[in-house]
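Q: Need the 3D shape of this:
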Amino acid sequence: MSRTHAGLPIAAAAIVAATVLAACGAGSPTSSASAGAPTQAQQQQAERAAVSFARCMRAHGVPNIPDPTSPQEFKSSVAGKQHLPAFQSAATACRHLLGGGGPPQQSAARTHELIVAGLAFARCLRSHGFPNFPDPSNTGELSHEMLASAGIDVHQPAVVRAADACAPVTRGLITRAGVAHFVAGH
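A: Below is the predicted model of the structure:
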């Protein structure tokens, strides 16, 4: 039910923005452009890109992501949001703003691992009395929208108990804490 780990590759886009800020000195002027040190113009461009990325994320349904003023603040704010249902689609829509195409794509092996875990989780939930529980998407995602379309109310105590009981079949990719976050809508 939680896809916290599934969103991690996309979270890299935001971390790239934060890293760009750190590498560029987060706005402090440089005295030279030698040995790969960014110029002041490059710093400003990277800062604008990171701010644009944060604004785009907010516009695509991921609230409370601040404009990056420090790499640590930005990483922290993003880490607290990656489990939101809109996070992955927003990060995909916005990563072009970071330049260089954004983060590397999730490996085929990782995608396969997520799909296998999601399928095991879905089978387990179906065996626990929820025959309409959907299989994950082709990226391993299970979203609120998918569950609602299947008639699954994630706030129903029986669903939460079944999800908690089924979390271990995913070998740590879905956790009880992740289930709680998903149910809370975070």
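Q: looking at this structure, which helix or strand does the model trust least?
A: Within the chain, no helix or strand scores below helix 8-23, which has a mean of 46 by mean pLDDT, DSSP states H and E.
Q: Only the buried residues of whichever helix or strand comes after it, if you could.
A: Counting by DSSP states H and E, the element after helix 8-23 in chain order, helix or strand, is helix 40-59. Buried residues in helix 40-59, counting neighbours by 16 or more other Cβ atoms under 10 Å, are found at 43, 46-47, 49-54, 56-58. Quick note: C-beta positions are derived from backbone N, CA and C, even for glycine.
Q: which one of these is nearest Gly118?
A: Within these, the smallest distance to Gly118 is 24.3 Å, found for Met57 (Cβ to Cβ).
Q: can I assume that closest one is in contact with Ile65?
A: Yes: counting by Cβ atoms under 8 Å, Met57 does reach Ile65; the two are 4.8 Å apart.
Q: Could you pull out the helices in this protein for me?
A: In order along the chain, the chain carries the following helices (DSSP state H): 8-23, 40-59, 71-79, 87-94, 108-127, 144-149, 157-166, 176-184.
Q: Ser52 contacts Arg95, correct?
A: No: Ser52 is beyond contact range of Arg95, at 11.1 Å (criterion: Cβ under 8 Å).
Q: Show the backbone phi and psi for Glu141.
A: Backbone torsions for Glu141, taken as degrees, to the nearest 10, come to phi -80, psi 140.
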